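> no FASTA, just this:
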């Protein structure tokens, strides 16, 4: 692959802010002289964690939570924003207690992924959580989350499950299989 | 898993519109009576295609394109919005010609993924494109895209490549390996 000269950001402007979304415009000059104005969503600068909780060698814990984006209950991994002052470790420990009722004694960063490189700054840190011990904490969910114990050997059924739909959840599953040297 | 009664949407409102983003609020009542107001990004109703182009049995074609979201050149699959009146097939054929200079004679929908089920309606359709023949079409890119031929047997190196970062790209790679029965 070639060495590419990064474009120059000539100007940036916050176009819109809603309660949870911030839209920024950037005027960009490419190395060939072409200028464009792009819009992008500016997310939480600390990013979010997506937690892959292993209850034991053979079982994942998943949650079923209403997803307003997709308009139905989504089956997926526990996750949440990293709060100010937290690292991914603390966010993982906090969210695990809030969403699945377990405190992980071991956490390991598997990788970090973007959602849409073209127009979102958002980063999700994918964290393997093991050595779980029961420990509840109050979250901010409007209703109790359903926790689903999933046999890891049935991972392919997750891919084809219509309610397991997030690209980053596929990524997390793939990273887990790789970590376990199943693939 | 339990049968869950879907929440009721009590009201919806377009909060903001920028050139490319639309933010909608929804007032939602859960089955337990709790009411919340959520914001979500409303994307293109037709969704987008992400194309997995196989040049031959052993090689993927990837592109390197500046991603304003991540602020660097991203290594990933060709993709683009499905235009009004198009299906995923036509969008795949059009975008393949625009972004990698090939027309696929076979296209197959592998799966569809969401980006963030909680707050984005966006759907990406992952399409396997094979039997490629050279055929260019003019796209709307500000500079020529770099096309990268990647040996499929080196798929694990893609996962660890810092510029290959989109969760949905991991998903596409996983679906390809599954389709080929490598995993």
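Received, thanks. None of these values were measured; they are calculated from a predicted model.
> so the residue located most distally from the centre of chain A, which of the three states?
Most distant from the centre of chain A: residue A:33, at 35.7 Å, with distances by CA atoms, centre = their mean. Of the three states, residue A:33 takes coil under DSSP: H, G, I helix; E, B strand; the rest coil.
> From chain B, how far out is it?
Remark: distance between residue A:33 and chain B (CB to the nearest CB, to the nearest Å) = 9 Å. Quick note: C-beta positions are derived from backbone N, CA and C, even for glycine.
> Check residue A:161 too.
Distance from residue A:161 to chain B, by CB to the nearest CB: 10 Å.
> Show the contacting residues for the residue farthest from the centre of chain A.
With CB atoms under 8 Å, 6 or more residues apart in numbering or on different chains as the criterion, no residue contacts residue A:33.
> likewise residue A:44?
A:81, A:82, A:122.
> go on, residue A:136?
Taking CB under 8 Å, 6+ apart, we find residue A:136 in contact with A:97, A:101.
> you'd agree it is in a helix?
No. Residue A:136 is assigned coil when assessed by three-state DSSP, not a helix.
> rewinding a little: among the contacts of residue A:44, which are in strands?
Judged by DSSP state E, the contacts of residue A:44 include residue A:81 as members of strands.
> can you redo the contacts of residue A:44 as CSV with neighbour count?
Shown next, in CSV, are these (neighbours: other CB atoms under 10 Å in any protein chain shown):
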residue, neighbour count
A:81, 14
A:82, 23
A:122, 23
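> Closest one of the contacts of residue A:44 to chain B?
Proximity of these to chain B (CB to the nearest CB) peaks at residue A:122, which lies at 7.5 Å.
> Tell me which residues touch the closest one, please.
Taking CB under 8 Å, 6+ apart as the test, what residue A:122 contacts is A:41, A:43, A:44, A:47, A:48, A:114, A:115, A:116, B:69, B:116.
> ok, now with 7 Å
Neighbour list for residue A:122: A:43, A:47, A:114, A:115 [criterion: CB atoms under 7 Å, 6 or more residues apart in numbering or on different chains].
> Residue A:79 now?
A:48, A:49, A:50, A:51, A:95.
> ok so, going back, in CSV: the contacts of residue A:44, plus distance to residue B:14 and pLDDT.
Output for those, formatted as CSV (distance: CB to CB, whole Å; pLDDT from 0 to 100):
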residue, distance to residue B:14, pLDDT
A:81, 25, 96
A:82, 30, 97
A:122, 22, 97
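> All the helices of chain A, residue numbers only.
A:88-99, A:155-160, A:167-179 (DSSP state H).
> quick one: the first one to chain centroid distance?
Distance of helix A:88-99 from its chain centroid, counting by CA atoms, centre = their mean, to the nearest Å, is 13 Å.
> What is the burial count for residue A:17?
Other residues near residue A:17 come to 13 when the count uses other CB atoms under 10 Å in any protein chain shown.
> The closest residue to it other than its chain neighbours pairs with what?
Distance criterion CB to CB, 6 or more residues apart in numbering or on different chains; nearest residue to residue A:17, sequence neighbours excluded, is residue A:23 at 7.6 Å. Counting by DSSP bridges, residue A:23 forms beta bridges with residue A:16, residue A:41.
> Kindly report the same for the one 4 residues further on.
The residues listed as beta-bridge partners of residue A:27 by DSSP bridges are residue A:11, residue A:37.
> my guess is it meets residue A:13, correct?
No. Using CB atoms under 7 Å, residue A:27 is not in contact with residue A:13, being 8.3 Å away.
> higher neighbour count, these two?
Taking neighbours as other CB under 10 Å, residue A:27 and residue A:13 compare with residue A:27 leading, 14 against 11.
> who's in contact with that one?
Counting by CB under 7 Å, 6+ apart, residue A:27 has contacts A:10, A:11, A:35, A:37.
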